[in-house]
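# the sequence isn't on hand, but the structure is:
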């Protein structure tokens with residue numbers, strides 16, 4: 001069984017990011033030092049007339065399963081996770097590995113949802129993976145140290161205390177599910193968004209939607225705590241390791257590689273208990289063999 005069952009954020013020393021955070025009920029909202037967020041949510045879909053198609057399964061292979069999210073942080077992950085638990089105002093299990101300076105949060109059924117690990121490198125560029133959350137207002141995030149970057153018609157983009165971007169979509173209460181979307185940057189043009197959404201759909205399952213506004217998303221992902229993964233084009237290329245990444249389980253690592261993933265670091269390298277790979281866009285993710 002995999003040692004981790006969640007995603008990760010890097011903080012100035014980790015893999016779900018430096019964060020100050022929020023957690024509500026089953027849903028965990030993470031903002032702050034290296035921000036990342038892992039929530040179980042139902043999508044509130046905007047009106048669209050895009051093209052939907054079910055993603056094909058990796059031919060002849062069992063489907064991979066999404067495990068969690070990891071975030072890199074620039075501060076002590078234990079401090080970051082305690083911020084999350086304190087801000088959550090909800091029963092959440094915080095577990096700390098003092099030896100490895102790693103912390104994680106579990107939801108109420110015991111599943112690990114978010115890992116925060118420390119990394120030596122500071123944040124230098126805009127995150128290419130960010131979280132979108134549903135909330136009653138942006139006030140809670142601001143009260144816990146976030147700052148508003150800019151406002152759009154339907155959402156507000158903020159930065160956590162380490163500068164990691166996340167978006168808040170204001171909804172009418174009560175909000176049953178706070179996790180909304182996981183946003184990814186990709187190359188400009190609808191073809192690029194469609195290609196990477198289709199690739200992940202073939203890995204994880206789900207339905208690919210090509211939005212007429214020029215981006216694509218993958219929804220109805222089995223076992224996914226976000227309602228969708230969304231890919232939008234940006235002019236700048238990827239230049240550094242992502243500070244937010246997802247973890248998956250797989251019964252066949254070779255099938256992932258044959259499908260276009262690149263192995264960056266193999267299981268067993270320096271005692272590593274999982275394999276680090278990159279998708280065709282170069283986005284890092286971790287695979288745990290079952």
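Alright, I've got the coordinates. It should be emphasised that the depicted structure is a prediction, and the values quoted were computed from it without experimental measurement.
# residue 136 against residue 169, yeah?
No. Shown here, residue 136 and residue 169 do not form a contact pair, counting by C-beta atoms under 8 Å, at 10.7 Å. C-beta: built from backbone N, CA, C; applies to glycine.
# of these two, which one has the most company?
Neighbours around residue 136 and residue 169, counted as other C-beta atoms under 10 Å, are more numerous at residue 169. The numbers are 19 against 14.
# what about the more buried one, which helix or strand?
strand 165-170 (DSSP states H and E).
# so what's residue 233 scoring on pLDDT?
Per-residue pLDDT puts residue 233 at 97.
# okay, it and residue 131: tell me how far apart.
19 Å (C-beta to C-beta, to the nearest Å).
# same thing with residue 200?
In this view, residue 200 and residue 131 are 17 Å apart by C-beta to C-beta.
# ok, those two, which is more surrounded?
For the pair residue 200 and residue 131, the greater number of neighbours falls to residue 131 (31 against 26), based on other C-beta under 10 Å.
# and the more buried one, that's in a helix?
No. Counting by DSSP: H, G, I helix; E, B strand; the rest coil, residue 131 is not found in a helix; it is strand.
# against residue 160, how distant is it?
Distance of residue 131 to residue 160, computed by C-beta to C-beta: 10 Å.
# and if you look at residue 272?
Residue 272 sits 28 Å away from residue 160, going by C-beta to C-beta.
# those two: which is more packed in?
For residue 272 versus residue 160, neighbours defined as other C-beta under 10 Å are more numerous around residue 160 (30 against 12).
# the more buried one touches residue 146, doesn't it?
Yes. Counting by C-beta under 8 Å, residue 160 touches residue 146, with 5.5 Å between them.
# need the pLDDT of residue 192.
So residue 192 comes in at 98 (pLDDT).
# oh, I was asking about residue 106
65.
# which residues of the protein fall in helices?
Counting by DSSP state H, the segments of the chain that form helices are 77-88, 139-143, 190-204, 253-258.
# and the ones you listed, which one averages the lowest pLDDT?
Across those, the lowest-scoring stretch is helix 77-88, with a mean of 44.
# for residue 151, which non-adjacent residue is closest in space?
Closest residue to residue 151 apart from its sequence neighbours, by C-beta to C-beta, 6 or more residues apart in numbering: residue 157 at 7.6 Å.
# alright, I will stop here.
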